[in-house]
Every structure is written in C-alpha cells, then in structure tokens.
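> how would this look folded up:
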Amino acid sequence: MLEFFKEGLLQFLSYSGFGNCTWGHIIMICIGLVFIALGIIKEYEPLLLVPIGFGIIIGNIPFTDGLQVGVYENGAVLNYLYFGVVKGFYPPLIFLGIGAMTDFSALISNPKLILIGAAAQFGIFAAYITALLLGFSPMEAGAIGIIGGADGPTAIFISSKLAPSMMGAIAVSAYSYMALVPVIQPPIMRALTTPQERLIRMRPPRAVSHREKVLFPMMCILLTAFLVPTGLPLLGMLFFGNLLKESGVTKRLANTASGPLVDIVTILIGLTVGCSTQATNFLRPASVLIFILGAFSFVIATASGVLFVKFFNLFLKGDNKINPLIGNAGVSAVPDAARVSLVEGQKYDRTNFLLMHAMGPNVAGVIGSAVAAGILLSFLY
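Next up, the predicted model:
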C-alpha cells in the first residue's frame, strides 16, 4: 500500500509544474512579472503590457507534453486562440478599430506631414539590411525590420507570413518598444535638435470639412492598395474603419469597431502572444539579437523623422516651418508618440501645443508602416 501511494505521488509530481520546471521557465515568468509591473506601476501601455505579461506567465507554467494545455499543442484551447495570430487575422481587426478611432484631420489639413511618416519608416529598412548582414535570411530580416514601425499588429501580421518561428520574440519586442516610447524617444529628440528649433511655433491647422474626411479614406485605399496590394488586409481595414467613423451614418458600427471589438481582440492578441514565449522556444540567442535589432530599428526610425524635419525646414519659410520635435511621431505608436512631442515641446515653451500637429505624422506612420509591410511582403513572400 505504501509503495502504491509512493508511486502515485511520484507520478503526480512528474505531471506538476514543479516536476517540469527549468531555470528558463523561472526567467520568463520573472519577465512576465516585469511587464505587468511596468503596465500597472509605470502605466506604460497597460492595455498591452498587462495581457502580454500575464500571457508570458501562463505560457511558462511547466507541464508534461501531451496534456493539450500549451499554446503550441494541437487541440489545446490556447492553440485555437493563437490561431488568430498564426493566420494573421487579429491584426486586421485591430486596424479596423484603429481606423474607427483615428481622426485624420491634422494630416488632411497639412498633407506635407505625411512625408515625416514616410521618413520614419527608414528604420524598418535599416534594420532589414542590418539583419541580413548579421546572417538572418531575407524573410527573417524583413520580419525583424518591421519592429521599427512601432506597430505591434503589423509586426505580428508580417512575422506570421515571413518568420512564424520568430513571431513571439518579434511581437514582444514590437509591443515593448511601443510601450517604452516615452522613455526611448525624448533623449534622441533632444540630442538632434537645437534650443531654437524646439521653440518653433507652427501655424494652426485649418478646419477640415466633412466631405474631405469622407473622401480621404476612399482616396487613400485606392492609392495605397493599388501601389502595394499585399498590404490590403491592413490598409483596407484601416480605411474602412475610418469611413465608418467619418461617414456620420454608421455610428453604431464605428462604436463597435473602436470599442468592444478592438478591446476583445487586444485581449486575445496580447494574451496569446505572451503565451507563445515558452522558454523552450523563446530563450535563444536569436531572440536576444531580435530585441537588439528592434531597439536599433526604433532608434533609427525616431532619428529619421526628426532629421527629415530639419532637412525639410531648409526649404520652408516663416510660419510654414515645422517643429522638429514632431518628427518622432512618424512612428506608428498612436497616440503615445504624439504625446511625447507635446510634452517635450512644453518643456521649452508651455504655450506651444504640438499635439494636433504631431498627430499628422503619427497617423501617417500608421499608414506608412502598413505600406512598408506590403512592400516587404511583395518581394519576400
């Protein structure tokens, strides 16, 4: 009888997390706790970091293979939820919500700001070239480079097509840098601008008519989708969501897209991406290198936006000049990057409100990252 209980206890322990735990699992659980702490204590993108952090904890609870509980095990509930990440249909739904929440007025009133959003995408291609030089395959390098757009859904969409095995590291890296926008960008902005440039006051944006707001998404989808059809899932949903918002006759649909729908998908995408960081798949030298390349890409993207504004100002006169502090907003982290522009600008002039101006390149960055994704897919996929 004693031997029977002993064997039963040993079998129970072999199935428990204690019996299967490794140092890798402990490290990843600690990382998950750090993500949650940053989201709750520092309030760095809590809607992203809290689900991802908790997902990291769930994904690194040790278990015996074959129990159908892990995100990578066929038939597991988490595996079914992860299907939306693997097949790339969560990101377009996120873009639908972004479109329904976004006001493109700042960009419509000052179209030249779209060039800043385009310039910031240089970080994507700089990281792509660097990743190639470090030995990554062209498809892996393309997936890594997209981190520089500071757009988590786009990074997931691209990596699901080009480098599924690296999706966890790429997605967590992209969302991490999105959350750390207020920490990473200000030193770069201050280093690349002079005190005089930070005091530039921009001309107030003109009023945009309802007709312009309605025509904008239809014109943009025709232009961008014909240019890069491979970006259609993201661009189509982005501009469709915006049309729902601006048409004035589909308020219920716009409210659903920008509220309950995007919240549900955010929960699912954050949790399942976190779960995908199982220590056995995640703790590899390649993952560390992806985080380093992601940081490099993000820094280059921020610097490119700021430097482009400085260059552009050489050709602008008087109140047409652009404050280079809004150059950082060319990345796709909406609206956090625009808020950074505002906060930095008010450190030097409390009456200089740059938020509306910064929203122009910020929403242009959303479009730019989706177009860049389409370009990468068109010649890599």
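> Check which residues of stretch 300-313 are buried.
By 16 or more other CB atoms under 10 Å, the buried positions in stretch 300-313 come out as 300-309, 312-313. Any C-beta I mention is one placed from the backbone N, CA and C, and that applies to glycine too.
> how about a markdown table for those residues, with distance to residue 118 added?
Conversion of the buried residues of stretch 300-313 to a markdown table gives the following (distance: CB to CB, whole Å):
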| residue | distance to residue 118 |
| --- | --- |
| 300 | 14 |
| 301 | 11 |
| 302 | 14 |
| 303 | 15 |
| 304 | 10 |
| 305 | 9 |
| 306 | 14 |
| 307 | 13 |
| 308 | 8 |
| 309 | 12 |
| 312 | 11 |
| 313 | 16 |
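> Those residues: which two are farthest apart?
Farthest-apart pair in those is 300 and 313; separation 20.4 Å (CB to CB).
> next structured bit after the helix ranked longest in the chain?
Longest helix of the chain, by residue count under DSSP state H: helix 285-312. Sequence-wise, the next helix or strand downstream of helix 285-312 (DSSP states H and E) is helix 336-348.
> Check which helices and strands the very next helix or strand once past that next one sits against.
Later in the chain than helix 336-348, the nearest helix or strand by DSSP H and E is helix 355-380. If contacts are counted by 3 or more CB pairs under 8 Å, 6 or more residues apart in numbering; DSSP states H and E, helix 355-380 sits against helix 105-109, helix 114-120, helix 122-133, helix 138-145, helix 152-162, helix 210-227, helix 232-246, helix 336-348.
> Can you list the buried residues in helix 355-380?
Neighbour counts using 16+ other CB under 10 Å place 355-377, 380 of helix 355-380 among the buried residues.
> Next: stretch 45-60.
By 16+ other CB under 10 Å, the buried positions in stretch 45-60 come out as 45-46, 48-60.
> So which of the residues you listed are in helices?
Counting by DSSP H, the part of the buried residues of stretch 45-60 found in helices is 46, 48-59.
> and the spatially closest residue to residue 227 that is not a sequence neighbour, what pLDDT?
Using CB to CB, 6 or more residues apart in numbering and skipping the chain neighbours, the partner closest in space to residue 227 is residue 371 (7.1 Å). Residue 371 is assigned a predicted lDDT (pLDDT) of 91.
> which ones are touching residue 371?
Counting by CB atoms under 8 Å, 6 or more residues apart in numbering, residue 371 makes contact with 121, 224, 227-228, 231, 235.
> what does residue 59 give?
Taking CB under 8 Å, 6+ apart, we find residue 59 in contact with 28, 70-71, 78, 274-278.
> repeat for residue 306
Applying CB under 8 Å, 6+ apart, the residues near residue 306 are 188-189, 192-193, 324-325, 327-328.
> same thing but 6 Å
Neighbouring residues of residue 306 by CB atoms under 6 Å, 6 or more residues apart in numbering: 189, 192, 324, 327.
> ok, the residue nearest to residue 227 to residue 42 distance?
Separation of residue 371 from residue 42 (CB to CB, to the nearest Å) stands at 32 Å.
> Surely residue 374 touches residue 230?
Yes. Assessed by CB atoms under 6 Å, residue 374 is found in contact with residue 230 at 4.4 Å.
> secondary structure element for the residue lying closest to residue 290 once chain neighbours are set aside?
For residue 290, ignoring the flanking residues on the chain, the nearest one in space by CB to CB, 6+ apart is residue 169 at 4.5 Å. Applying DSSP H and E as the criterion places residue 169 in helix 167-179.
> counting contacts, what elements does that helix pack onto?
helix 46-59, helix 152-162, helix 285-312 (3 or more CB pairs under 6 Å, 6 or more residues apart in numbering; DSSP states H and E).
> so how far is it from its chain's centroid?
7 Å (CA atoms, centre = their mean, to the nearest Å).
> Over to stretch 237-254?
Worked out by CA atoms, centre = their mean, stretch 237-254 lies 22 Å from the chain centre.
> Any idea how far apart the tips of that stretch sit?
For stretch 237-254, the separation between the terminal residues is 12 Å (CA to CA, to the nearest Å).
> Give me the below-cutoff pLDDT ranges for this protein.
Scanning the chain with the threshold set as pLDDT under 70 gives 1-17, 19, 66-67.
> ok, residues contacting the helix holding residue 169?
44-45, 48-49, 52, 143, 147, 150, 152, 155-156, 159, 273, 276-277, 282, 287, 290-291, 294, 298, 333.
> try 7 Å
38, 44-45, 48-49, 52, 85, 143-144, 147, 150-152, 155-156, 159-160, 184, 273, 276-277, 281-282, 287, 290-291, 294-295, 298, 333 (CB atoms under 7 Å, 6 or more residues apart in numbering).
> what does stretch 317-325 give?
189, 193, 197-198, 200, 202-203, 306, 309-310, 312-313, 316, 341, 344-345, 354.
> Show the buried residues in those residues.
Buried among the contacts of stretch 317-325 (16+ other CB under 10 Å): 189, 193, 197-198, 200, 202, 306, 309, 312-313, 341, 344-345, 354.
> Please convert the residues you listed to TSV, extending it with distance to residue 107.
Formatted as TSV, these follow (distance: CB to CB, whole Å):
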residue	distance to residue 107
189	21
193	22
197	22
198	23
200	19
202	14
306	18
309	15
312	15
313	19
341	14
344	21
345	19
354	15
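> just to revisit the earlier point, just the buried ones out of the contacts of residue 59, please.
Buried residues within the contacts of residue 59, counting neighbours by 16+ other CB under 10 Å: 28, 70-71, 78, 274-278.
> Those residues in helices, which ones?
Among the buried ones among the contacts of residue 59, DSSP H puts 28, 78, 274-275 in helices.
> what does the helix or strand where residue 30 lies contact?
If you go by DSSP H and E, residue 30 is part of helix 23-40. Contact with helix 23-40 is made by 44-46, 49-50, 52-54, 56-57, 60, 62, 179, 274, 277, 279-280, 282-283, as judged by CB under 7 Å, 6+ apart.
> What residues of that helix count as buried?
Buried residues in helix 23-40, counted by 16+ other CB under 10 Å: 24-25, 28-29, 31-32, 35-36, 38-39.
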